[in-house]
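below is the sequence, then the predicted model.
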Amino acid sequence: METLEQIVARARAAVPDAQLEIVPNDSPSGQRSLLVDPSHALALARWLREDPALRLDYCSNVTGVDWPEVERVEKVRVKKLVEGVEKEVEETRKVRSGGYLEAVYHLYSMERRHGPVILRMRTENRSDRVQLPSLTPVWRSAEFQEREIYDLFGIVFEGHPDLRRILMWDGFKDHPMRKDYVEPDDYEWEPTPHDAVLEKAQKHTLRQPAQG
């Protein structure tokens with residue numbers, strides 16, 4: 001199979017306006033991935049599937065990732081007057097990076113017997129701009145997995161044929177796989193609570209108002 005750099009070069013020619021970026025991976029596998037802007041993701045997905053050299057006809061896995069807002073400290077060099085003399089000094093400053101949600105697709109070719117190519121899309125934030133295009137029209141195997149990501153992470157896949165919760169019930173609030181998710185302490189439904197679950201259930205019972 002072609003290298004990711006070769007795929008990106010040809011993809012830019014096939015989908016000229018697409019914003020493509022190779023995402024590095026520092027893990028032992030070193031498995032890099034391809035990040036695409038949401039507005040061109042569907043066109044790129046169709047090209048990845050239909051291109052004669054790639055024929056990525058099988059989506060084996062779709063996962064969600066939550067990237068909360070983070071604050072990091074970086075060092076910068078600035079010019080300042082020190083005792084009347086301009087000097088370059090080193091300062092530290094805090095930089096905040098906005099959070100986002102991510103959908104990650106692992107793609108293979110059954111016809112060509114190669115892969116994976118890992119495709120990523122990112123939302124604008126984690127609150128009110130969490131829409132991404134559904135890739136189910138290209139890979140039908142993504143249907144239930146996108147529903148799971150919608151349920152557990154809150155990504156809204158536009159164009160999905162049946163976007164509704166698949167693990168949690170309809171009235172369930174929030175998304176359990178978010179990193180800032182706070183689980184409820186109401187465990188009285190647990191048939192045989194034990195250990196930490198029992199402790200939480202007892203605390204919840206003690207907080208309930210007395211019935212008069």
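In hand now; what should we look at? All of these numbers come straight from a predicted model, not from anything done at the bench.

show me this protein divided up by domain.
4-66+101-171, 182-212 (automatic domain parsing).

dump the worst-scoring helix or strand of the chain on mean pLDDT to PDB, restricted to CA.
Lowest on mean pLDDT, DSSP states H and E among the helices and strands of the chain sits helix 195-207, with a mean of 73. The C-alpha atoms that make up helix 195-207 are tabulated as PDB, following Å, rounded to 0.1, in the frame of the first residue of the first chain:
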ATOM      1  CA  ASP A 195     -18.100  -2.100  47.800                       C
ATOM      2  CA  ALA A 196     -18.000   1.400  46.300                       C
ATOM      3  CA  VAL A 197     -21.500   1.100  44.800                       C
ATOM      4  CA  LEU A 198     -23.000   0.200  48.200                       C
ATOM      5  CA  GLU A 199     -21.200   3.200  49.800                       C
ATOM      6  CA  LYS A 200     -22.600   5.500  47.200                       C
ATOM      7  CA  ALA A 201     -26.100   4.100  47.500                       C
ATOM      8  CA  GLN A 202     -26.100   4.500  51.300                       C
ATOM      9  CA  LYS A 203     -24.900   8.100  51.000                       C
ATOM     10  CA  HIS A 204     -27.700   8.800  48.600                       C
ATOM     11  CA  THR A 205     -30.300   7.300  50.900                       C
ATOM     12  CA  LEU A 206     -29.100   9.400  53.800                       C
ATOM     13  CA  ARG A 207     -29.600  12.600  51.700                       C
END
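
any buried residues in that helix, and which?
Burial within helix 195-207, assessed by neighbour count using 16 or more other C-beta atoms under 10 Å, is assigned to 200, 201. C-betas here are computed from N, CA, C, even on glycine.

mean pLDDT lowest where, among the domains of the chain?
When those are compared by mean pLDDT, domain 182-212 comes last with a mean of 68.

show the contacting residues for the residue nearest the centre of the chain.
Nearest to the geometric centre of the chain sits residue 102, at 1.7 Å (C-alpha atoms, centre = their mean). Counting by C-beta atoms under 8 Å, 6 or more residues apart in numbering, residue 102 touches 64, 65, 66, 67, 120, 121, 122, 123.

once you drop chain neighbours, what's closest to it?
residue 65 (4.1 Å; C-beta to C-beta, 6 or more residues apart in numbering).

I'd assumed residue 104 was in contact with that neighbour.
Yes: between residue 65 and residue 104 there is a contact under C-beta atoms under 8 Å: 6.3 Å.

the residue nearest to the centre of the chain belongs to a helix?
No: assigned with DSSP: H, G, I helix; E, B strand; the rest coil, residue 102 falls outside any helix and is strand.

partner residues bridging it?
Partner residues in beta bridges with residue 102, using DSSP bridges, are residue 65, residue 122.
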